[in-house]
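> quick one: sequence and predicted model below, then my questions.
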Amino acid sequence: MNDYIICMDASGDLIREVAADNGIEFVPMEYSLGEEMRTSQGCESEELLKKFYDGQRNGDLTKTSQISPYMYESYFKPFLEKGKSVLYFCLSSGLSSTYQSAMLAAESLKEEYPQGEVYPVDTLAATGGIGLLVEKAVENRKAGMSIRDNLEAVRAVIPKLRHYFMVQDLMYLKRGGRVGAATAIVGSALNIRPMLVVNEEGKLETVDKKRGSKAAMSSLLTFFKENYNPEVDTKIYICDSDTPELAQGLADRIKEAAPEAVIRRTMLSPIIGAHTGPGMVAVILFGK
């Protein structure tokens, strides 16, 4: 039986065509831009995202809020009432409490809807990493895989996910406690670009620093060449927070290095962008 819903956090990035063609559902997430509270429904329009990042550039503070177990229950119930089960891809447990909240909701709903199942997946991923896993799950469902088999199949490839990205505005990392105030001030003055990964525990880790965007883009390309594993998947996500010239330049260089690569270009969700600021570029793929 493969009649089940695939859904993901609005914090994840997925190209619009895949979402629309395969009925992917998004768990809405709240964020603020200045004094205005907003709700992200996933696959935001480019116009909205540009306004968000322009707001950050103009000094608007941005924050996000957590989803409670009750909110998850309210979201999943309509699917269960229709007799559907749910395979849910959520933001890494190393970055957020969403997975724990979703698990509590799933346990609570078991009693009321014994015929349906909710399976949260701790992706240990963010942004396009969640998108890559959702695309895998879509392929598995099309192949007739049951929800439980699909769950195990996507869990098996999670350790192969690789995220590598650079940020341009260190002050956003400072606000999130990722770097100290002195590091942020000195780094900004020296045009330093921190290079970060999502490690095997699903947490952010700074692994390098580059002077300027050109060196940072070369580092992203080197990371791609050293990690790209087309035997697992040829799809690659390049996600940016409104820096299209850098992202497209990286995409062109990757396509030149690996012509068979299927490159997914997306703008970064405001849920993650609230913590990285404008000018971030990420390359996300399945590695060796």
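Cool, got the structure. Residues are numbered from 1 along each chain as shown.

> what sits against the residue nearest the centre of the chain?
Nearest to the geometric centre of the chain sits residue 127, at 1.4 Å (Cα atoms, centre = their mean). Taking Cβ atoms under 8 Å, 6 or more residues apart in numbering as the contact definition, residue 127 lies against 11-13, 163, 237, 239, 268-269, 272, 282, 284. All C-beta atoms are positioned from the backbone trio N, CA, C, and that covers glycine.

> need phi/psi at it.
With angles defined as degrees, to the nearest 10, residue 127 sits at phi 40, psi -120.

> now residue 63
phi -140, psi 160.

> pretty sure it contacts residue 274?
Yes. The pair residue 63 / residue 274 is scored as a contact, 6.3 Å apart, by Cβ atoms under 8 Å.

> the residue nearest to residue 116 when sequence neighbours are not counted - how many residues pack around it?
Here the nearest residue to residue 116 in space, its sequence neighbours aside, is residue 80; by Cβ to Cβ, 6 or more residues apart in numbering that works out to 3.9 Å. When neighbours are defined as other Cβ atoms under 10 Å, residue 80 has 21 of them.

> same deal with residue 208?
Neighbourhood size, residue 208 [other Cβ under 10 Å]: 15.

> same deal with residue 43?
Residue 43 is flanked by 19 other residues according to other Cβ under 10 Å.

> how about residue 240?
By the criterion of other Cβ under 10 Å, residue 240 has 26 neighbours.

> repeat for the one 3 residues further on
When counting by other Cβ under 10 Å, one arrives at 19 neighbours for residue 243.

> quick check, the residue nearest to residue 116 in contact with residue 111.
No. With contact defined as Cβ under 8 Å, residue 80 does not reach residue 111; the gap is 11.5 Å.

> for the helix or strand hosting residue 216, the distance to its chain's centre please.
Element membership for residue 216, per DSSP states H and E: helix 213-227. On the basis of Cα atoms, centre = their mean, to the nearest Å, helix 213-227 sits 20 Å off its chain's mean C-alpha point.

> try stretch 103-111
24 Å.

> cool, stretch 139-149 as well?
That offset, for stretch 139-149, works out to 22 Å (Cα atoms, centre = their mean).

> just the buried residues of that stretch, please?
Neighbour counts over stretch 139-149 (16 or more other Cβ atoms under 10 Å) mark 140-141, 145, 147 as buried.

> CA atoms only: put it into CSV for me.
Extracted as CSV, the C-alpha positions of stretch 139-149 are listed here (Å, rounded to 0.1, in the frame of the first residue of the first chain):
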residue,chain,number,x,y,z
GLU,A,139,10.9,8.1,-6.2
ASN,A,140,10.4,5.3,-3.7
ARG,A,141,6.7,5.9,-3.5
LYS,A,142,6.3,5.9,-7.3
ALA,A,143,8.2,2.5,-7.3
GLY,A,144,5.4,1.1,-5.1
MET,A,145,7.3,1.2,-1.8
SER,A,146,5.2,1.1,1.4
ILE,A,147,5.5,3.9,3.9
ARG,A,148,7.5,1.8,6.3
ASP,A,149,9.9,0.5,3.6
